[in-house]
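Peer 1: compute the structure for the input listed below.
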Amino acid sequence: MPEVVAAYLDHLTVERGTARNTLDSYARDLRRYAAHLEAAGVSGIAEVRAEHISAFGVALREGDGEHRPLAASSAARALVAVRGLHRFAHADGITEHDPARDVKPPAPARRLPKALPVHDVLRLLDMPSSDGAGPLRDRALLELLYSTGARISEAVGLDLDDIDDAERTVLLDGKGGRQRLVPIGRPALEALHAYLVRARPVLATRGRGTAAVFLNARGGRLSRQSAWQVLKTHAERAGLSASVSPHTLRHSFATHLLEGGADVRVVQELLGHASVTTTQVYTLITVNTLREVYTTAHPRALG
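Peer 2: Numbers count the residues shown, from 1 in each chain. Now for the predicted structure:
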């Protein structure tokens, strides 16, 4: 089983160009799947039947003693990984049948992204001070996240050459190796300039040299986890910790654009979504807002 899993992950890396974060999630899911099969007395992938996969789906949602229950979206992702593994094994001639072919992952619940009101975003962006290498970096990072709608992983992946001052754009490396050029607002550009001139050189002297825009205290590239901690720390200081997740500023970016009248397909391009269907979940938020305003403001709304 471990050999088949390794071959499948190699296939996703080399032939599919699957993103590293997705590969890491699939690897965790498939390790759990292999442990589940071993506990059920299944020693090889050729012995797996559809009922084993269905039982694994139940274990994902209810827990199995060693693992806590997963959210519906995470359980669905794990079953997608399992289905992909068996499809690969069958196509590669490792197994004669695909036992997962008729096992459908549950459709994840469609959750509305949580966006902050504009005044809360502005309060968050004002939290880092304008003195010191760390605060200047934090302010530049938060401004960039909200100004461009970048994922945290895209922001920390930025290199110095990815920022075009003349055109006021940044080049982001998105999921699946797709790049996109995104405009950046003047306040974010000013925060970046302040960081790059007054703070980054100080941090860079502690490292071995890197093209990364955002550096940690040791002069190396800032990690996703550290960038998320920056957001979390300043959200707590602003009194917003209950409403903040790694994607909060990205969600706020999209929602505020749509509320301002931006076309959904433009927002799709800015977010780097492969399908407009993914972006349209944000339109549900704006429709809800319109409905609330209508209900409270129109004299005949409740008549």
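
Peer 1: what residue ranges in the stretch 51-200 of the chain score low on pLDDT?
Peer 2: Low-confidence segments of the stretch 51-200 of the chain, defined by pLDDT under 70, are located at 65, 105-112.

Peer 1: now the helices for the stretch 51-200 of the chain?
Peer 2: 72-91, 118-125, 133-148, 152-156, 186-198, 200-204 (DSSP state H, counting those that start in this stretch).

Peer 1: need the residues that contact the fourth one.
Peer 2: Outside of helix 152-156, the residues within contact range by Cβ atoms under 8 Å, 6 or more residues apart in numbering are 21, 141, 144-145, 148, 172-174, 212, 214, 221-224, 227-228, 231, 246-247. Every C-beta, even on glycine, is put in place using the N, C-alpha and C of the backbone.

Peer 1: strands - which of those residues land there?
Peer 2: 172-173 (DSSP state E).

Peer 1: residue 58 and residue 37: what is the separation?
Peer 2: Per Cβ to Cβ, to the nearest Å, residue 58 is found 14 Å from residue 37.

Peer 1: deepest-packed of the helices of the stretch 51-200 of the chain, please.
Peer 2: Among these, the stretch with the highest mean neighbour count (mean count of other Cβ atoms under 10 Å) is helix 133-148, at a mean of 24.

Peer 1: run through the neighbouring helices and strands of it.
Peer 2: helix 118-125, helix 152-156, strand 169-173, helix 186-198, helix 200-204, helix 224-237, helix 248-259 (3 or more Cβ pairs under 8 Å, 6 or more residues apart in numbering; DSSP states H and E).

Peer 1: one more time with 6 Å
Peer 2: Counting contacts by 3 or more Cβ pairs under 6 Å, 6 or more residues apart in numbering; DSSP states H and E, helix 133-148 is packed against helix 118-125, helix 186-198, helix 248-259.

Peer 1: now do it and helix 224-237, the angle between them.
Peer 2: Orientation check (axes from the mean of the first three to the mean of the last three Cα atoms, to 10 degrees): helix 133-148 against helix 224-237 gives 90 degrees.

Peer 1: pull the distance from helix 133-148 to the chain's centre.
Peer 2: For helix 133-148, the separation from the chain centroid amounts to 18 Å (computed by Cα atoms, centre = their mean, to the nearest Å).
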